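Asker: sequence first, predicted model second:
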Amino acid sequence: MKKTILLAMLGVAAASYADAQVKPANPAGNVPANPNAMNRPGAPATGPKPYKQVITNKAKTDNGLFKVHNVEDRYFFEIPDSLLGREILTVNRISKAAAGNRASMMGYGGDHIGDNVISFEKGPANKIFLKAISFSERSVDSTDQGMYKSLKNSNIQPLVASFEVKAYQDSASKVKCSVIDVTDYMNGDNDIFFFEAGAKRALSIGGIMADRSYVKEIKAYPLNIEIRTLKTYMKAPSQGASAMGGGAPPASTPVTYELNSSMILLPAKPMKPRFYDSRVGYFATGYVDFDANPQGIKNQAVITKWRLEPKPEDVEKYKRGELVEPQKQIVYYIDPATPKKWIPYLIAGVNDWQVAFEKAGFKNAIVAKLAPNDPNWSIDDARHNVIVYKPSDIPNASGPHVHDPRTGEILETHVNWYHNIMQLVRNWYMVQAAAIDPKARKLKFDDKLMGELIRFVSSHEVGHTLGLRHNFGSSATVPVEKLRDKQWVEKNGHTPSIMDYARFNYVAQPEDKITEKGIFPRIGDYDMWAIEWAYKWLPQYKTATEEEAYSNKTIIKRIAENKRLTFGTESDSSDPRNQNEDLGDNAMLASEYGIKNLKRLIPNVLVYTKEENEDYANAKTLYNEVVGQFGRYMGHVGKNVGGIYTSPKTIEEKGPVYVRTAAATQKEAMDFLSRNLFTTPTWLLDQPLMDVIGEDPVNVIGKVQGPAIARLTSTFTLNKLISAEAADGAAAYKITDLFSDLNNSIFTELKSNAAIDVYRRNLQKNYVDKLINIVKPPAAAAPTGMGGMMGQSGGGSSQSDVVSVVKGQLREILASVKSAAPSASGLSKYHLEDLSERIDNALKSKD
């Protein structure tokens, strides 16, 4: 029988920053901070000394995973032979951040800056080597015909550092220990224990300044070692001012960080993994499996999840279907720096997941607690999961996690809650719910309302730390009219997943009288199913491979029974069902309702944002949020044109995987855009409001029309329409249908000889320029890269019918423009003459 992949041979690492495991063979940290350090007392280079000459009576010793000794200003690891070769995960974080040195959401206290798997290995000549370990290629078949031996011979793991054994110690149990001096390695710089290369580049960190860097302390705990260092670096040349937030220090100014590195012993008995399945949205860790395919290789992936198993005494209860507590609870601690009034809501956001774990057979599986009042407890300790409060102006939150790369077992997480997330959720709620919730009609929300908004963000980010990805397709399983049904939506929620970016119920109308229960996101049917699928304990299967058939049948059955359990990836640029910030199964109908509510909000922007002794900055912010929301609705609709529904399936399921959006739906989308976007949305241009916030109405309209035109006329969309016609023939919505609809919407004045106002002139120029750029691409234009599965037909536009069709459209537009120009006057005439010249030049160009 094939062994489980948990015992796999280790391979070479992927090259990306986030996933890299292989490290340079000679990192900078291998060079002592002081070149003469190896010759000083306590660190001889002449071979091991008697133990008591190295670990003297001046030593301060910490007992834990292994002993850590501090002898004056030197640090020694005393590593027992039993730990040699054991995999250890290093997790590196910023403990205290450098002043002002930020890169977008990175550079704050608590931020994760790298992790690696290492092992200590005994070498010749009284050496201990530090090995970096990768798991991206695996084989466990050590039989004569297996790949284990060959893979092992082809994938020697790099030795990234070496240490002379300073002394040996035989303990009372006769377990031999090697004492090594790690001071210079920890005082220097390396990407095993400190910043990985990608993090350095993001923060523009240069070389270390050894005379201003040192080890603050190293402490030992039962399963981990905590290393705290202070590092001062030169600033590297900036990658561009736009990459830095808050005003980065000049390149000549050093930056100083306090860093925390955790060394965590990985389980001797790894968790049984669960294979990734694209029909349930989990983060995953991938590798190349040399055993799974007898005539090749298989790209394999296992999901990231916590290890939940019943206590030995409860195993039979669990098998009978009784709820039991897990051996190890998932505990989140609240950062002591968190403002006290928000703590109950952050805790509630964690505890809300308990009902989902009950579906997997566990009660009290997840809980949030206050951080203990213990001087030995540290927010940076990788044994602790923490919701970290960051006093930052970043309006965001995130939920990363660290996992065992062998199995996907999540080992720890730090949820990042940035202070200014409150402004973000306030703006969302005002824009999407002010029409139906009076509590949203002021700048400063009541603590109860803001607390509930924080709770929803907490639940969403905790979901990520449980392994869950965004489910952008969840909301598309809900009929739009159900979102206005008070009884239904308050019972079921407006989306089946809190992992969707569905935000709030913007479809509901004031007359529907829907309360917060039908407005707010919540943990829904999909979330509970996803937790059940990943966390249900299946002892009857010994390996992930043995589980595959059961998992496949279960997924097929459950989704067939309840479409609300469907997962939609956030990375599909063609599927109209998988969109962020959208609601319902029909983007056109949902957006019509959304626009009605925005029209109710615009006349009240000044009322809702009024504050004594303040200017109109808040009104401008809210107005721009409204414009942005309107733009999102246009994007939701536009994605239907050239849309391709992608439904991952195994061969046991019937029906196609790829289905092109129906022609009638695409026509409906174009009619919507004609009415609501290409016909100038003048309701956005409230003149008294514009006069005090200083917005340019022409620019406002251009901001919402431009992206829609760009998507519809992209070679990405046009090629998909050509492919659809090839596949579906007369039933397809064709590229010529699209241009007919665009021309009829954008050039209506040419048939009626009506004056063309500034908004329509700009729209027409925008449209014509996009077509010209296809025929004659700008010299520096990058190749279109939105392809993906079925995304492009026959390569770029020059190898397909796109250029031919676009040239034909330009000729038709040119003829209409030349015909209309003689009877036009004023700016309309100049505009048409300009369009005529632009098109003429493009079509005559020999480039």
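Answerer: Arrived safely. Computed from a prediction, not measured in an experiment: that's the story for all the values here.
Asker: show me the shaky parts of the protein.
Answerer: Applying pLDDT under 70 to the chain picks out residues 1-45, 100, 102-107, 137-156, 171-173, 237-251, 288-297, 780-799, 846-847.
Asker: domain map for it?
Answerer: 9-265, 272-547, 572-712, 740-847 (automatic domain parsing).
Asker: CSV for these, including mean neighbour count and distance to Ile556?
Answerer: For the C-beta atoms, the positions are set from N, CA and C on the backbone; glycine is no exception. Listed next are the domains of the chain as CSV, based on neighbours: other Cβ atoms under 10 Å; distance: least, Cβ to Cβ, whole Å:
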stretch, mean neighbour count, distance to Ile556
domain 9-265, 18, 28
domain 272-547, 19, 9
domain 572-712, 18, 6
domain 740-847, 16, 22
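Asker: just list the residues touching Ile673, thanks.
Answerer: If you look again at residue 673, you'll see it is Leu, not Ile. Contact analysis of Leu673 by Cβ atoms under 8 Å, 6 or more residues apart in numbering lists Met634, Val637, Gly638, Ala708, Ser745.
Asker: SS state for it?
Answerer: Under DSSP: H, G, I helix; E, B strand; the rest coil, the three-state class of Leu673 is helix.
Asker: in JSON lines: the domains of the chain, plus distance to Glu561.
Answerer: What follows is the domains of the chain, written out as JSON lines (distance: least, Cβ to Cβ, whole Å):
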{"stretch": "domain 9-265", "distance to Glu561": "36"}
{"stretch": "domain 272-547", "distance to Glu561": "10"}
{"stretch": "domain 572-712", "distance to Glu561": "14"}
{"stretch": "domain 740-847", "distance to Glu561": "28"}
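Asker: can you tell which of these is closest to Ala560?
Answerer: domain 572-712 (8.5 Å; Cβ to Cβ).
Asker: start to end distance for the closest one?
Answerer: End-to-end distance of domain 572-712: 17 Å, with Cα to Cα, to the nearest Å as the criterion.
Asker: ok, stretch 385-397 next?
Answerer: 15 Å.
Asker: so how far is that stretch off the chain centroid?
Answerer: Centre-to-centre, stretch 385-397 and its host chain are 16 Å apart (Cα atoms, centre = their mean, to the nearest Å).
Asker: go on, stretch 415-433?
Answerer: Worked out by Cα atoms, centre = their mean, stretch 415-433 lies 18 Å from the chain centre.
Asker: just to revisit the earlier point, from the contacts of Leu673, which is closest to Arg522?
Answerer: Val637 (26.6 Å).
Asker: what packs against the host helix or strand of that closest one?
Answerer: Assigning secondary structure by DSSP states H and E places Val637 in helix 617-638. Contact here means 3 or more Cβ pairs under 8 Å, 6 or more residues apart in numbering; DSSP states H and E; on that basis helix 617-638 packs against helix 421-433, helix 587-601, helix 605-608, helix 663-673, helix 687-693, helix 697-712.
Asker: related to what we said a few turns ago, which one of the domains of the chain lies nearest to Ala724?
Answerer: domain 572-712 (4.9 Å).
Asker: of all the domains of the chain, which one is nearest Leu565?
Answerer: Across the domains of the chain, closest to Leu565 is domain 272-547 (Cβ to Cβ), at 4.6 Å.
Asker: distance between the ends of the closest one?
Answerer: 10 Å.
Asker: just stretch 257-273 next, same as before
Answerer: 37 Å.
Asker: show me where the stretch 151-300 of the chain has its strands.
Answerer: Ranges of strands in the stretch 151-300 of the chain, per DSSP state E, counting those that start in this stretch, are 159-170, 176-181, 205-208, 214-220, 224-235, 255-265, 284-289, 298-303.
Asker: using a markdown table, please lay out the ones you listed together with distance to Pro688.
Answerer: Shown next, in a markdown table, are those (distance: least, Cβ to Cβ, whole Å):
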| stretch | distance to Pro688 |
| --- | --- |
| strand 159-170 | 66 |
| strand 176-181 | 74 |
| strand 205-208 | 50 |
| strand 214-220 | 59 |
| strand 224-235 | 48 |
| strand 255-265 | 48 |
| strand 284-289 | 53 |
| strand 298-303 | 54 |
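Asker: out of the ones you listed, which comes closest to Pro336?
Answerer: strand 255-265 (16.0 Å).
Asker: other SSEs contacting the closest one?
Answerer: Checked by 3+ Cβ pairs under 8 Å, 6+ apart, strand 255-265 has strand 88-96, strand 224-235 packed alongside it.
Asker: what's the closest of those to Leu721?
Answerer: strand 88-96 (48.4 Å).
Asker: of all the helices and strands packed on strand 255-265, which lies closest to Pro344?
Answerer: Within those, the stretch nearest Pro344 is strand 88-96; the backing value is 26.6 Å (Cβ to Cβ).
Asker: paired strands for whatever helix or strand comes next after the closest one, with orientation please.
Answerer: Of the helices and strands lying after strand 88-96 in sequence (DSSP H and E), the nearest is strand 112-123. According to DSSP bridges, strand 112-123 forms sheet pairs with strand 88-96 (antiparallel), strand 127-133 (antiparallel).
Asker: nearest to Ser119, of those?
Answerer: So among these, strand 127-133 is nearest, using Cβ to Cβ, at 5.0 Å.
Asker: okay, that closest one in PDB with CA atoms only?
Answerer: Extracted as PDB, the C-alpha positions of strand 127-133 are listed here (Å, rounded to 0.1, in the frame of the first residue of the first chain):
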ATOM      1  CA  LYS A 127      29.800  20.900  12.900                       C
ATOM      2  CA  ILE A 128      26.100  21.500  13.100                       C
ATOM      3  CA  PHE A 129      24.500  22.600   9.800                       C
ATOM      4  CA  LEU A 130      21.300  24.600   9.400                       C
ATOM      5  CA  LYS A 131      19.300  23.200   6.500                       C
ATOM      6  CA  ALA A 132      16.400  25.000   4.600                       C
ATOM      7  CA  ILE A 133      13.700  22.500   3.600                       C
END
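Asker: and the angle for it with strand 176-181?
Answerer: Here the directions of strand 127-133 and strand 176-181 differ by 90 degrees (axes from the mean of the first three to the mean of the last three Cα atoms, to 10 degrees).
Asker: could you dump the helix holding Val637 to PDB, C-alpha only?
Answerer: Only the C-alpha atoms of helix 617-638 are listed here, as PDB (Å, rounded to 0.1, in the frame of the first residue of the first chain):
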ATOM      1  CA  ALA A 617     -14.400  67.200   3.000                       C
ATOM      2  CA  ASN A 618     -16.800  64.600   4.400                       C
ATOM      3  CA  ALA A 619     -19.400  65.500   1.800                       C
ATOM      4  CA  LYS A 620     -16.800  65.100  -1.000                       C
ATOM      5  CA  THR A 621     -15.800  61.700   0.400                       C
ATOM      6  CA  LEU A 622     -19.400  60.500   0.600                       C
ATOM      7  CA  TYR A 623     -20.100  61.800  -2.900                       C
ATOM      8  CA  ASN A 624     -17.200  60.000  -4.400                       C
ATOM      9  CA  GLU A 625     -18.200  56.800  -2.600                       C
ATOM     10  CA  VAL A 626     -21.600  57.200  -4.300                       C
ATOM     11  CA  VAL A 627     -20.000  57.600  -7.700                       C
ATOM     12  CA  GLY A 628     -17.800  54.600  -7.000                       C
ATOM     13  CA  GLN A 629     -20.800  52.500  -6.100                       C
ATOM     14  CA  PHE A 630     -22.500  53.500  -9.300                       C
ATOM     15  CA  GLY A 631     -19.400  52.500 -11.200                       C
ATOM     16  CA  ARG A 632     -19.500  49.100  -9.500                       C
ATOM     17  CA  TYR A 633     -23.000  48.500 -10.700                       C
ATOM     18  CA  MET A 634     -21.900  49.300 -14.300                       C
ATOM     19  CA  GLY A 635     -19.000  46.800 -13.900                       C
ATOM     20  CA  HIS A 636     -21.400  44.100 -12.600                       C
ATOM     21  CA  VAL A 637     -23.500  44.600 -15.700                       C
ATOM     22  CA  GLY A 638     -20.700  44.900 -18.200                       C
END
